[in-house]
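1. below are the sequence and a predicted model; questions follow.
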Amino acid sequence: MHFYEMNGFMGSQTDNVALCGQKDMPEADGACLFLDFDGTLVDIVSTPDAVEVRDDVHDLLDRAMTRLNGRVAIVSGRSVEALEGFLPRFKGPIVGTHGAEIRHADGRLTRISADAEKVAALTRIVVDFGKLRPEFLVETKPTGVVLHFRNAPEHAALAMKLMEAVAHAADGFTLQPALMAYEIKIENTGKDKAMQKIMATKTFSGTVPVYAGDDLTDEPALELAEAEGGLGIKIGKAETLASHRLADPSELRACVERWLA
Ligand SMILES: O=P(O)(O)OC[C@H]1O[C@H](O[C@H]2O[C@H](CO)[C@@H](O)[C@H](O)[C@H]2O)[C@H](O)[C@@H](O)[C@@H]1O
């Protein structure tokens, strides 16, 4: 059994990643900010719907948008629709479904096209499995599906077997291990690719990115932020290619707050 089946990648720190302080942050006037959502901006909780976005989080995003002249983006594995529900006041770009969707600052939604029949078929299989085994939670997305085992960790291997088989059966889709979950998503999508598209827009272009994320799916974007002369901040203890880390979302929010002051 792979170690991530049980702990969702949250292994012990084995690297020399530095703790992020204010001296490490770039000059805000020439910077932009990319924030992952779950586990970075807000705490991880028992189910996807149980996330609470407190007023201070909305206020922080408002302040960041003002201070950075609109150069703030949310980058998440969740669907854009779900993120808009959690962050109704946020008007910057929103990357959803691991880069498969982008809600641009002007409200336009672009989505990488997926074979709708295949998405429906693979979703049906996982939804039906969830009816047989209600200890799992099934989350549907516009271009894929997630099987969560956070509330049944003893059945992680079963979740992996099912999702591996379904992903193998569906050409053009791939298995994405996640925090106490397995996801089937479109191949060749990524948060880094969506980040590059946003960096090329007039608002963000020519600035250096600060990217904060906790997940394995954030790693390519953390690496990209640093390759672009910016800063990658890993949230939590998992191994990372980022140069800096912070312990949890509250530390990240405090760090951004101080940076913008
Ligand atoms: O890219 P992110 O914004 O970090 O989103 C990654 C996934 O987050 C959600 O699942 C995770 O968070 C849940 C709420 O804290 C937790 O219950 C679950 O165990 C985690 O896997 C979301 O449901 C997924 O769609 C995102 O892909």
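-> On my side now, so go ahead. Numbering: from 1, shown residues only.

2. hmm, stretch 26-38 in reach of the ligand?
-> Yes. Against the ligand, stretch 26-38 shows contacts by C-beta under 6 Å from any ligand atom at 36-38. Where C-beta positions appear, they are placed from N, C-alpha and C, glycine not excepted.

3. any of the residues you listed buried? List them.
-> Those of those that meet the buried threshold are 36-38, by 16 or more other C-beta atoms under 10 Å.

4. reduced to three states, what does the residue of the chain found nearest the ligand come out as?
-> Of all residues in the chain, the one sitting closest to the ligand is G77 (2.4 Å; C-beta to the nearest ligand atom). Per DSSP: H, G, I helix; E, B strand; the rest coil, the secondary structure class of G77 is coil.

5. and the residue nearest to G190 when sequence neighbours are not counted, backbone torsions?
-> Spatially, and ignoring its direct neighbours in sequence, G190 is nearest to G99 (4.9 Å; C-beta to C-beta, 6 or more residues apart in numbering). The phi and psi torsions at G99 (degrees, to the nearest 10) take the values phi 100, psi -10.

6. show me the contacts for the residue nearest the centre of the chain.
-> Residue closest to the average C-alpha location in the chain (C-alpha atoms, centre = their mean): S76, at 3.1 Å. Contact analysis of S76 by C-beta atoms under 8 Å, 6 or more residues apart in numbering lists 36-38, 83, 94-96, 98.

7. go through these and say which is closest to M160.
-> For the contacts of S76, the closest approach to M160 (C-beta to C-beta) belongs to H98, at 18.4 Å.

8. any chance of the buried ones among the residues of stretch 26-38 next to the ligand in a markdown table, with secondary structure too?
-> Output for those, formatted as a markdown table (three-state DSSP):
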| residue | secondary structure |
| --- | --- |
| D36 | strand |
| F37 | coil |
| D38 | strand |
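
9. phi first, then psi, for E84.
-> Torsion angles, degrees, to the nearest 10, at E84: phi -60, psi -30.

10. which residues touch the closest residue to G213 other than its chain neighbours?
-> The shortest distance from G213 to any non-neighbouring residue, by C-beta to C-beta, 6+ apart, is to D36 (3.6 Å). Shown in contact with D36 (C-beta under 8 Å, 6+ apart): 74-76, 191, 211-215, 218, 235.

11. where is pLDDT lowest across those residues?
-> pLDDT is lowest at D215 among those; the value there is 93.

12. so that residue sits against G39, correct?
-> Yes. Contact status for D215 versus G39: in contact at 6.4 Å, counting by C-beta atoms under 8 Å.

13. any shared contact partners between those two?
-> Common neighbours of D215 and G39 (C-beta under 8 Å, 6+ apart) are L179.

14. neighbour count: the two, which is higher?
-> D215 (27 against 22; other C-beta atoms under 10 Å).

15. gap between that one and R89?
-> 24 Å (C-beta to C-beta, to the nearest Å).

16. same check on T47?
-> Counting by C-beta to C-beta - T47 and R89 are separated by 24 Å.

17. which ones are touching the residue nearest to G190?
-> Applying C-beta under 8 Å, 6+ apart, the residues near G99 are 75, 112, 189-195.

18. return the set of buried residues in the strand or helix carrying V57.
-> Using DSSP states H and E, V57 sits in helix 55-67. Residues 57, 60-61, 64-65, 67 are the ones in helix 55-67 that count as buried (16+ other C-beta under 10 Å).

19. that one and the ligand, are they touching?
-> No. Judged by C-beta under 6 Å from any ligand atom, helix 55-67 makes no contact with the ligand; its nearest approach is 13.2 Å.

20. which strands or helices does that helix pack on?
-> Applying 3 or more C-beta pairs under 8 Å, 6 or more residues apart in numbering; DSSP states H and E, one finds that helix 55-67 contacts strand 72-75, helix 249-260.

21. winner for burial among those?
-> strand 72-75 (a mean of 27; mean count of other C-beta atoms under 10 Å).
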